[in-house]
Each structure stands twice: as C-alpha cells, then as structure tokens.
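> coords please:
(chains A and B)
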Amino acid sequence: MNEASIIGLLEATVSFGALLYLAALGEMIAEKSGILNLGVEGMMAMGAVSGYVVALQTNNPWVALAAAVVAGALIGSIHGFFTVVLGAEQVVSGLSLTILGVGLAAYLGRGSVGRPPGAELVPVDWGLLSDIPWAGPVLFTQSPFVYMAVVAGCLSWFILWRTRLGLAVRAAGESASTTDAAGHSVAVIRMGAVAIGGGLAGAAGAYLTLSLTPQWQEGIVAGRGWIAVALVIFGAWRPGRVALGALLFGLTLALKTRLQTFGVEFSPILLSMLPYVLTVGVLVVISVRSRKRPSPAPAALGVAYRREER
Amino acid sequence: MSRLVLVRREQVLRGGQPLAFGIGLMVALVVGVFLLLGSGHDPLRIYERMFEASMGSPKAWSVTLNRAVPLGLAGLAVAVAGSMGLWNIGAEGQIMAGAMGAAWVARVGGDWPALMLIAAMLGAAIVGGALLALGPAVARAHIGVNEIITTLMLNEVAIRLLQWLIHGWWKDPESQNFPLASMLADNAKLPTLFERAHVGVVLAALMIAIFGVAASRTAWGYELRVAGSAGATARYAGISLERKILTVLVLSGGVAGFAGGIELSGNSDRITENLSNGFGFAGIIVAALALMRPSGVAAVAVLFGAVQIGGQSIQTLGVSSSVSTVLQALILFGAIAAGVLSRYKVELDVADAQPLRPTRRESDTTP
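Numbers count the residues shown, from 1 in each chain, chains lettered A, B, ... in the order given. Take a look at the predicted model:
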C-alpha cells in the first residue's frame, strides 16, 4: 500500500460520494415534503441516458447536463402526479417508476451502446490549489459534479432550514393539514419537491455518463439509486449527516475494486453489503431512541393528503 | 377561482379493478404502438406474436403459467403482509433466500429419492425466506422499525450473499474461472405437468387458495384485517398486535421463499444471481393490482406472466426487451390511475378556492 494508491482511494471515495450525495439530496428533499420516492434508480437511469444521448447530438456537456436534469424532473413528476394529485400508494408508484425509468432509458439508449461519448465534463483545474499534496488530487482536481454536489448540499440546507419556503416544505412533510390551513398549497409544494428531487437524481445519472464512466450501457446505475434511498435514512434527513454518510458509502464503493491491490483478504462482495446493513442498523437505533425523543423522519412521510378526508 | 378535485365515491365502482387492469393494458398497448413504430417495427405483427407466444397454444400457456408461479407467489407474499397494512418490499431478496435454502438441501441430499429431496428443498426454501423476513418482523413488532426500508435493504444483502456463495463455497469446480454453482441433479427437479409447465403451478395455486380461504373465511383472517385497519380496536378485542405483525411478516417471507424454491427446482439448471429477475418487485405490483386479495393475485399473475412471456418472445423479431419493460410499467401506471378513479370521481370545485382557516377537525397532526 503506497501513497499513490491511498490518494487514488480517497479521490474515488470523494467522487463516488458526490454521486450518491446528488441523488440522496433529491430524495431527501422529496421525503422532507412527505413523498417517499422509490423511483431513484429509474430517474438516475433516465438522467444518465438523456445526458449521454444529448451529448452525442450537441457535443456540449452543459446542454447534456441540462437535458439530464430536465429528464429526471419530468419522469419524477410522473410519481408526483400519481401520489400527490391522485393520492396513489407511494410505494407502488415509486417502484413502478423505477421499472418505467430503467426500461425507457434502455429503449432510448439502444442506439448509443458502445458509441464514443459526444462530450465529457472534464475535471476542474484549481491552479495552485490543485498542486497541494494530498488535498490537491483528492479535493481540487475533481469532476465539476463534485463541486455541484457540494453547492447543492449547502443550498438545500439553506433553503430548507433558513427560508420561509423551506419551512413550508418541511411543514408539508410533518403535517399536511396544518400547512394547508396556513395558506400553502400542499400539492404545489410536494409536486415541486418531487420534481427537484428528480432533477437531482437526473444530474447524478449524468455524472455517470458524462464524467465518471463516459459511456452508455443498460444497467449502468447498478443499484446505486437504492443506496441513495438508504443514505437519506442513514443521514437522518439532514444534509450534513447525509454528506458524511455519502463519503462512508462512497468509500465502500471505492474500496470494492481496490481490496486486492491493498492485499486485504476480504471479499469485495461482502464489503458491498455494508451500506445496507449499516442503514438497517441506523434505522433500528433511530426507532429505539424515538421512544424518548422525536424521530427524525418526517411525520407525514408516505401519507397521501386529501383535503376532504381530514 | 375553481379547480378540479377528487371526491370519494359513495360506493366503489363495481368491477372497478378488472376494469382498471384493462384500461392499464389499453394505455400500454397504445403507447407501445408509438414505441414500436419508433424502432421501425410493425406494431400489429408484434402484438400478434406476443399473444401467440403467451396464450396462443397449450405450449404457450404452459410457459405463461410457469412465469405466473413466481409472480403469483411473490404477489401473495406481499398481499399477506398488505392485508394487515404492512409492506413487504423484500420479496425479491426472500425469493433468493428461499432458492439458497433449496440449493443447499440439493447439495447435501443429492442422492436422496426425488420426492423426499424436492419436499425437503421446498421446506428449506420456506425457511430461508422466512429467516430473511424474521429480522424486519421482530424489529417492526417490538421496536416499531419501518418494515418498508428494512425489507428493501435486505434485498441487496440477500443477492450479495448469493453472489458470495457462487464465487466461493458453491462454485462448481468444473466451471473453471466462471463463478457458477453446480448443476442440479435430475432428482432435484420438479416433475412436468403438461408441455413445459411444472408441478409448481399446482403447488402455487394450492398455496394461494389456502391463504385465500384463511384470509376471508377464518377468524385469523378477520383479526388481521381488524389489526390492520384499527390497531386500538384490535387491542381492546384482545388481539396481540406484536404477535400478529411477527407472524404475518414471517409468513410473507416464507411464501416468497417458497417461490424461490419452486423457481429453482422447476425452472433452472442451477442457482444463479438472475434467478429472481425482478419477480419480487413485480409481486408488489401484482398484489397492489389485486387490492391485496389472494383471490385476485392468481388472475393478475397469469395476465402479467403473459405480458412478460410475450415481451420475451418478440426479442427474436429484433425488438429490444426494453419495450416489454416499458409496457409493463405503463400497465401499472394506467391501472393505478384507473384504480384511483374507481374509488374517486373528478368534480369541479367552485366554492373551496380559498384555503381554510384551522377551525376544522384535524386528524393527521401529531400532538
């Protein structure tokens, strides 16, 4: 184990962490408003394919990124329409969205398999900062997506906890009827939160195909949407803790391909169970503690709101 | 200002759910026309082929029924939990756990007589699925841990456990560098019923029938529904919620595990990580479309099996398998929408444009 391989590990930890963080932030925002969206895997697939296909057409990575965000938001809005407007079961609608997104992405991308990328978002050069030993390669030569994830995390913290709009979003997730009574439209808030969540998942998908592994193939999301769902719980619905969790889960993804080079005799398959096992553990701890103090989960999470049924 | 609102119907539309499925199917077929035209295929010819391959002959029916078995059992597993208002999202992993249990027995008892070996395999499958559900069941019953997330997470754990076994202990020495488990012996395979259909079709139908009777005709089933819809009432009536939650989730896992055992013994040469190709997730949809009733699960599973088998068949005509996946998703969304509209009607709401002040009764606030 030498210095270069440790730096490589940390660099990969940060970039995988940012990938998970983007998607998890989106899911967190939706859940904060009261909507559980199990369609992250599908929304990421749509973002990934849209980014790649548009990059092939335009050769412009930023246009491709915008397309991925819009695609994620649009397909996420399907879940919004079904759960908010129609009040359908969130679990069923979300899982259907995963099937739809993964299938539609495969359909749209069938002509792009194996084609060289039309455009990539290349790592940012921060000049002097990038030359600092350790911190330079790990933090300051990353893909633009990493810095976008940091900005998105700070913004979502600020908006959710420091503005009236954020208060309304969190209120919709705690008690929809109170929010309604206070003069806010629960439907508009929740639809908006789900669409923004979809946009962030779309961006995470584009991170895959525009930067991390610039190519398109079916199944490129590879279960990382489910890790994002787990992360929200692991991070107790707080942007800061979700970020720490993203780095930890990112480390397990980064270690998976490196265990052997480090000479560690441990199955990478068993290692990849860790995020899920840890999340179950955290959920148990939260539940045990919530006998004494309130649970961090939004109280109205998963509950449809219909005004006439209060 | 006026707006459209959903108002609960006084009576649910009769035949609403079959109608919902029909509408979902129509939506899917219409959108499918555009998808097929978009990839340069003749929609009518494709649809004809799908029908022929799934329902056009006894052989087609036998393949469809084989597919309906895991879908129906997974749907039953979800419905058993759903009858009490619980969500088992872990059928996918429990199917894997069941298959692992059955595969382990097949390794140990390779030289047993067929009947004994298969019975032991299916028994181990039930135990495997139940074991994977045990953790979430205990956590939900005694600590109140949300079962949606725990069962969902264990899916990923179960599939990795299987991958680990296939890469290590269970790796066939003759498979050289490929991570493949050993082939099943002939006495570990379910007998054939007709054409391609295996005896698992009968076993699954029996299982669904037993739960159907238990849910609608016994005190146990009645208590479940009471416990699910009104916890406090159930407590006053002396029903132990903890025990009910525990038994229902473990049973649910056992049923899903049974599906894994049958799929292994009836439909596979060896255990692979693709054994449950999303059956557990499809089961959630099957159960939802059947309104969590075992009686509806069988019918929905056969129809859904036909769509899946039809979708597979058109790949030989050069149609991407993604088209069939999208069709399935569209059936779901169409059916969800139609299901909502069978319980609610759309009305133009003129009076209630201004938000109400908090003078009304509130039921979804926590004190």
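> make it CA atoms for all contacts and neighbour counts henceforth
Will do.
> for the chain, which spans come out with low pLDDT?
As the question left the chain open, I've gone with chain A. A:1, A:308-310 (pLDDT under 70).
> ah, I was thinking of chain B
Within chain B, the ranges that satisfy pLDDT under 70 run B:1-3, B:12-14, B:349-367.
> how about the helices in it?
Secondary structure of chain B (DSSP state H): helices located at B:16-38, B:43-55, B:58-82, B:91-108, B:114-138, B:147-167, B:200-217, B:219-229, B:231-236, B:241-267, B:279-289, B:294-313, B:321-343.
> Next, the buried residues of the second one.
Along helix B:43-55, these residues count as buried under the neighbour rule (16 or more other Cα atoms under 10 Å in any protein chain shown): B:P43, B:I46, B:Y47, B:R49, B:M50, B:F51, B:E52, B:A53, B:S54, B:M55.
> I'd assumed B:I314 was in contact with the second one.
Yes. Counting by Cα atoms under 8 Å, B:I314 is a contact partner of B:I46 at 6.6 Å.
> Report the separation between A:I220 and B:P173.
The gap separating A:I220 from B:P173 is 31 Å, by Cα to Cα, to the nearest Å.
> Which of these two has more residues huddled nearby?
Legend: neighbour count by other Cα atoms under 10 Å in any protein chain shown for A:I220 and B:P173, higher for A:I220 (18 against 13).
> show me what contacts that one?
The contact partners of A:I220, by Cα atoms under 8 Å, 6 or more residues apart in numbering or on different chains, come to A:A45, A:L208.
> Try it again at 10 Å.
Counting by Cα atoms under 10 Å, 6 or more residues apart in numbering or on different chains, A:I220 touches A:M44, A:A45, A:A48, A:V49, A:V102, A:G205, A:L208, A:T209, A:T213.
> got those residues as a markdown table, with distance to B:F333 and neighbour count columns?
Output for these, formatted as a markdown table (distance: Cα to Cα, whole Å; neighbours: other Cα atoms under 10 Å in any protein chain shown):
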| residue | distance to B:F333 | neighbour count |
| --- | --- | --- |
| A:M44 | 19 | 35 |
| A:A45 | 19 | 38 |
| A:A48 | 23 | 36 |
| A:V49 | 22 | 35 |
| A:V102 | 15 | 27 |
| A:G205 | 23 | 37 |
| A:L208 | 28 | 25 |
| A:T209 | 28 | 29 |
| A:T213 | 32 | 13 |
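> contacts with chain B among those, please.
Among the contacts of A:I220, the ones lying near chain B by Cα under 10 Å from any Cα of the partner chain are A:V102.
> Nearest to A:A230 among the contacts of A:I220?
For the contacts of A:I220, the closest approach to A:A230 (Cα to Cα) belongs to A:M44, at 15.1 Å.
> Which residue is the nearest non-sequential neighbour of the closest one?
Excluding the flanking residues, the one nearest A:M44 by Cα to Cα, 6 or more residues apart in numbering or on different chains is A:G205, at 4.3 Å.
> I'd like to check which residues are in contact with the residue most central in space within chain B.
When Cα atoms, centre = their mean is applied to chain B, the residue found nearest the centroid is B:G283 (1.3 Å). By Cα under 10 Å, 6+ apart, B:G283 lies in contact with B:70-79, B:88-89, B:91-92, B:256, B:289, B:297, B:300-301, B:304.
> next one: B:H142
If a contact means Cα under 10 Å, 6+ apart, then B:H142 has A:V288, B:L241, B:E242, B:R243, B:I245, B:L246 as its contacts.
> related to what we said a few turns ago, and the buried residues of helix B:43-55 as JSON lines, adding distance to chain A?
Formatted as JSON lines, the buried residues of helix B:43-55 follow (distance: Cα to the nearest Cα, whole Å):
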{"residue": "B:P43", "distance to chain A": "16"}
{"residue": "B:I46", "distance to chain A": "16"}
{"residue": "B:Y47", "distance to chain A": "18"}
{"residue": "B:R49", "distance to chain A": "20"}
{"residue": "B:M50", "distance to chain A": "18"}
{"residue": "B:F51", "distance to chain A": "21"}
{"residue": "B:E52", "distance to chain A": "23"}
{"residue": "B:A53", "distance to chain A": "21"}
{"residue": "B:S54", "distance to chain A": "21"}
{"residue": "B:M55", "distance to chain A": "24"}
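> what about burial for the contacts of B:H142, which qualify?
Buried members of the contacts of B:H142, counted by 16+ other Cα under 10 Å: A:V288, B:L241, B:I245, B:L246.
> Roughly how far does the nearest residue in space to the second one that is not next to it in sequence sit from B:Y236?
Leaving aside its sequence neighbours, B:L241 sits nearest to B:A227 (Cα to Cα, 6+ apart; 6.6 Å). B:A227 sits 11 Å away from B:Y236, taking Cα to Cα as the criterion.
> In terms of packing, which of these two has more residues around it?
The neighbour comparison of B:A227 against B:Y236 (other Cα under 10 Å) goes to B:A227, with 23 against 9.
> That one contacts B:S83, doesn't it?
Yes. The pair B:A227 / B:S83 is scored as a contact, 9.4 Å apart, by Cα atoms under 10 Å.
> who touches both of the two?
By Cα under 10 Å, 6+ apart, the residues touching both B:A227 and B:S83 are B:G221.
> residue ranges for the helices of chain A, please.
According to DSSP H, the helices that chain A contains are A:3-32, A:40-58, A:61-80, A:90-108, A:128-131, A:135-139, A:144-162, A:164-174, A:176-181, A:186-207, A:224-234, A:239-256, A:268-271, A:274-289.
> closest one to B:G32 among the ones you listed?
Judged by Cα to Cα, the one of those that comes nearest to B:G32 is helix A:90-108, at 11.4 Å.
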